[in-house]
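> got a predicted model here, sequence first, then my questions.
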Amino acid sequence: MRMDDASKVLWELKPNESKRFYKGKNGTIVTTTRTDKICPHDFGVGLIIPNREEFRPTHVRLLFDLYLKRLSNSTDAKVLFMFFERVYDGEDPEKLAKEAGELKFPMQLDDADVNLFYGQLLMIEQEFNYGPKGCKKGKVEPPREFLMRFIRWVASGEEEIDKIITNAVRNWPPPIKYAKRTS
């Protein structure tokens with residue numbers, strides 16, 4: 001779903017309602033559950049990897065996974081990072097999923113299509129909590145750019161993952177230079 005369509009569906013979730021949102025090429029299901037944890041309409045993103053219990057991935061998992069992908073195949077990682085730019089711009093990650101599924105990464109936590117699916121949902125979550133309808137004041141505009149700056153920082157290869165994740169978990173914005181696309 002495009003970001004605006006997915007946002008509408010997510011906004012309409014009832015408290016504690018869950019929805020299976022996407023399914024990856026290898027069977028991983030990406031879910032959402034309205035939690036109202038941070039603000040009204042806040043939701044959690046879940047992953048159900050085949051033969052495992054559902055869990056909630058965070059932006060840290062996404063950043064670490066993208067870092068592993070960049071280290072293990074920088075050529076395909078560049079393509080994946082450009083797909084993230086397109087998702088950030090509102091494109092439907094399902095339309096990018098087939099190509100993303102063809103990317104090869106010797107080291108990864110999740111398949112690239114799954115990264116795009118839950119990455120989009122994490123961006124929407126930021127819009128809900130820190131955007132015009134949210135209850136928190138955001139540090140960047142649009143709010144989804146906060147996560148996108150971290151993704152661009154990982155893509156740049158300019159820092160070790162330790163520094164990037166430390167900033168992310170302390171809710172410190174990444175350097176302003178990552179407000180612009182890297183390529």
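Everything's here; your move.

> so for the host helix or strand of F64, what gets flagged as buried?
Taking DSSP states H and E as the criterion, F64 maps to helix 59-72. Within helix 59-72, the residues that count as buried by 16 or more other CB atoms under 10 Å are H59, R61, L62, L63, F64, D65, L66, Y67, L68, K69, R70. Using the backbone N, CA and C atoms, a C-beta is placed for each residue, glycine as well.

> what separates the last one from D76, distance-wise?
Which is R70. Look at R70 and D76: by CB to CB, to the nearest Å, they are 9 Å apart.

> pLDDT below threshold where in this protein?
Within the chain, the stretches with pLDDT under 70 are 182-183.

> show me where it has strands.
Taking DSSP state E, the strands of the chain run over residues 18-23, 29-34, 43-48.

> now do the contacts for F84.
The neighbours of F84, taking CB atoms under 8 Å, 6 or more residues apart in numbering as the test, are N115, L116, G119, M148, I151.

> looking at those residues, which is nearest I176?
M148 (12.9 Å; CB to CB).

> and for the residue nearest to that closest one when sequence neighbours are not counted, the neighbour number?
Nearest in space to M148, with sequence neighbours left out and distances taken as CB to CB, 6 or more residues apart in numbering, is Y88 at 4.9 Å. For Y88, the neighbour count with other CB atoms under 10 Å is 20.

> mind checking how far Y88 is from L147?
For Y88, the distance to L147 - CB to CB - is 9 Å.

> which neighbours do the two share?
Taking CB under 8 Å, 6+ apart as the contact rule, Y88 and L147 both touch M123.

> helices along this protein, start to end?
3-11, 59-72, 74-88, 93-101, 112-130, 145-156, 161-169 (DSSP state H).

> in CSV: those helices, plus distance to K37.
Below are those laid out as CSV (distance: least, CB to CB, whole Å):
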stretch, distance to K37
helix 3-11, 14
helix 59-72, 15
helix 74-88, 24
helix 93-101, 24
helix 112-130, 9
helix 145-156, 17
helix 161-169, 17
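
> most tightly packed of those?
Comparing the helices of the chain by mean neighbour count (mean count of other CB atoms under 10 Å), helix 112-130 comes out on top with a mean of 25.

> on that earlier part again, of the buried residues of helix 59-72, which is the nearest to N171?
Closest to N171, out of all of the buried residues of helix 59-72 and judged by CB to CB, is H59, at 10.3 Å.

> and the gap between that closest one and E160?
Taken as CB to CB, the span from H59 to E160 is 17 Å.

> so who does the residue lying closest to G101 once chain neighbours are set aside touch?
Distances taken as CB to CB, 6+ apart put K25 closest to G101, at 4.4 Å, once the chain neighbours are dropped. Applying CB under 8 Å, 6+ apart to K25 gives the contacts A97, K98, G101, D111, D113.

> leaving out sequence neighbours, find the closest residue to the first one.
Read it as A97. D113 (4.0 Å).
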